[in-house]
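Student: Give the three-dimensional model of this entry:
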Amino acid sequence: MREIRVVQPRTSRRAARLTSPVRSATVIAVFPVVIPGPRVTLRQFRADDLDASMTVVGDPEVTRTLSFDARSRDDQAERLAQDIARAQSQARPDHYLAIANGDDMLIGFIRIGLGRDDSGELGYAVRREDWGTGYATEAALLMLGFGSRPCACTHSSGVRSGQPRINGPGSR
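Tutor: Sure thing, here's the model as predicted:
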C-alpha cells in the first residue's frame, strides 16, 4: 500500500464553521484489492478480462438497467485499460472491482464510492447466465464489508476531500 498525504487549503473561520474541513488527512491508495468470499472473489481488473467483460457490458439485456448502453469490444478494451491504469495510479473515492467466480473468471463488476451529498453508492452487474445465483448478493456483502473499513472509501470527521481516510488530526 502507498501512503499519500492530502493537504487541504486553509479556510476562513466562517467557512470552517459551515463545513468543518480537516486541513490534512492521510489516505491509503489500496492496490491491489483482493476480497475473497465463499463463491466469488472481488479483485482488480486485468487485461485478460476483456472477453469475459463483454458478456456483461456487451449484452444489451444486462446493460438495460445500467447507466450506459451495451459497449463495443473496442470501447470496452479502452475502458478496461483506463480502469486498470486508474486503479494503479491514484488514491480515489471509489473502488471498481471485478467479480470473479471460483475459476477466477470475471462474471461481473461492482463499484462502491461516494455519491452526492456525502452519501454512499453501490452498483453492480453480473453476466446474464449467472443471474439468480446469489453471486451479486455475495459480492455486494463483500464490498460493503470492505467499504466500511477505515482505509477503504470512508468519509469521516469532516473530511471533505472525498478520499479514503485512514487517520488525521486528533486520531491515533
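Student: use CA for all of it now, contacts and neighbours both
Tutor: OK.
Student: which element follows the biggest helix by length in the chain toward the C-terminus?
Tutor: Looking across the chain with DSSP state H, the single longest helix is helix 73-89. Where DSSP states H and E defines the elements, the next helix or strand beyond helix 73-89 is strand 94-100.
Student: quick one: contacts of that next one?
Tutor: The contact list for strand 94-100 (CA atoms under 8 Å, 6 or more residues apart in numbering) reads 40-45, 106-114, 126, 139, 153.
Student: now do 7 Å
Tutor: 40-45, 106-114, 139, 153 (CA atoms under 7 Å, 6 or more residues apart in numbering).
Student: partners of it, with directions?
Tutor: strand 41-43 (antiparallel), strand 106-114 (antiparallel) (DSSP bridges).
Student: Ok, which of these comes nearest Phe146?
Tutor: strand 106-114 (9.2 Å; CA to CA).
Student: wait, isn't Gln88 in contact with Phe31?
Tutor: Yes - contact status for Gln88 versus Phe31: in contact at 6.4 Å, counting by CA atoms under 7 Å.
Student: Give the residues shared as contacts by these two.
Tutor: Common neighbours of Gln88 and Phe31 (CA under 7 Å, 6+ apart) do not exist.
Student: Does Asp69 touch Val62 like I think?
Tutor: No - with contact defined as CA under 7 Å, Asp69 and Val62 do not form a contacting pair (9.2 Å).
Student: And stretch 60-72, end to end?
Tutor: 11 Å (CA to CA, to the nearest Å).
Student: which parts of it are buried?
Tutor: 62-63, 70-71 (16 or more other CA atoms under 10 Å).
Student: ok, what's across the strand from Tyr96?
Tutor: Counting by DSSP bridges, Tyr96 is bridged to Arg111.
Student: Run a quick neighbour tally on it.
Tutor: Neighbourhood size, Tyr96 [other CA atoms under 10 Å]: 23.
Student: pLDDT at Leu50, what is it?
Tutor: Looking at Leu50, its pLDDT is 97.
Student: nope, Glu121 is what I was after
Tutor: So Glu121 comes in at 88 (pLDDT).
Student: just for this protein, where's the confidence low?
Tutor: Where the chain drops to pLDDT under 70, the residues are 1-30, 90, 148-172.
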